[in-house]
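>>> Provided below for reference: sequence and predicted model.
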Amino acid sequence: MLIIRSAALFAVAALFEIGGAWLVWQGVRENRGWLWAAGGVLALGAYGFVATFQPDAHFGRILAAYGGIFVAGSIAWGAVADGYRPDRWDIAGAVVCLAGMALIMYAPRGE
């Protein structure tokens, strides 16, 4: 049950962080306006709170593991939101990052 909760929190964190960064990008780089950027800033702030709900107590471990989610999520977001077509190396890299995330977060430990 802890792994399911942790995975769900990582997904929510990715939604807020990647979505927030995308909104800022759209507002500034794509000239959609400052309201888009402001929405992105709010979403990025919400992302900062989500990690605090992870069941593991180690900030460094949580943030390092989240990096794998961020990489894979960013590629997926680009494909869905911007029509980016990841190649096999993008996908292979994302799989490697997710495997690293799983090792960091969920490997059995004697702690």
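Received it, and whenever you're ready, just let me know what you need.

>>> count of residues packed around Ala8?
Close neighbours of Ala8, defined as other CB atoms under 10 Å, add up to 11. Every C-beta, even on glycine, is put in place using the N, C-alpha and C of the backbone.

>>> show me the residues around it that make contact.
Listed by CB atoms under 8 Å, 6 or more residues apart in numbering, the contact set of Ala8 is empty.

>>> shift numbering so it begins at 162
Noted, 162 is the first residue going forward, which turns the last one into Ala169.

>>> Let me know the distance separating it from Ile230.
From Ala169 across to Ile230, the span is 11 Å (CB to CB, to the nearest Å).

>>> and if you look at Leu170?
10 Å.

>>> neighbour-wise, which of those two wins?
For Leu170 versus Ile230, neighbours defined as other CB under 10 Å are more numerous around Ile230 (22 against 19).

>>> The more buried one and Met262 touch, don't they?
Yes: if you go by CB atoms under 8 Å, Ile230 and Met262 touch, sitting 6.0 Å apart.

>>> Any chance you could list residues touching both of those two?
Contacts common to Ile230 and Met262, judged by CB under 8 Å, 6+ apart, are Phe171.

>>> any idea of the pLDDT on Glu272?
The model reports Glu272 with a pLDDT of 65.

>>> could you pull out the helices for this protein?
Secondary structure of the chain (DSSP state H): helices at 163-189, 195-211, 220-242, 249-267.

>>> possible to save those helices as TSV with mean pLDDT?
Below are these laid out as TSV (pLDDT from 0 to 100):
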stretch	mean pLDDT
helix 163-189	96
helix 195-211	97
helix 220-242	95
helix 249-267	96
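
>>> Report how many residues lie close to Ala242.
There are 12 residues near Ala242, going by other CB under 10 Å.

>>> Next up, the contacts around it.
So Ala242 contacts Trp183 (CB under 8 Å, 6+ apart).

>>> Could you measure from it over to Trp186?
From Ala242 to Trp186 the distance is 10 Å (CB to CB).

>>> How about Tyr267?
From Tyr267 to Trp186 the distance is 32 Å (CB to CB).
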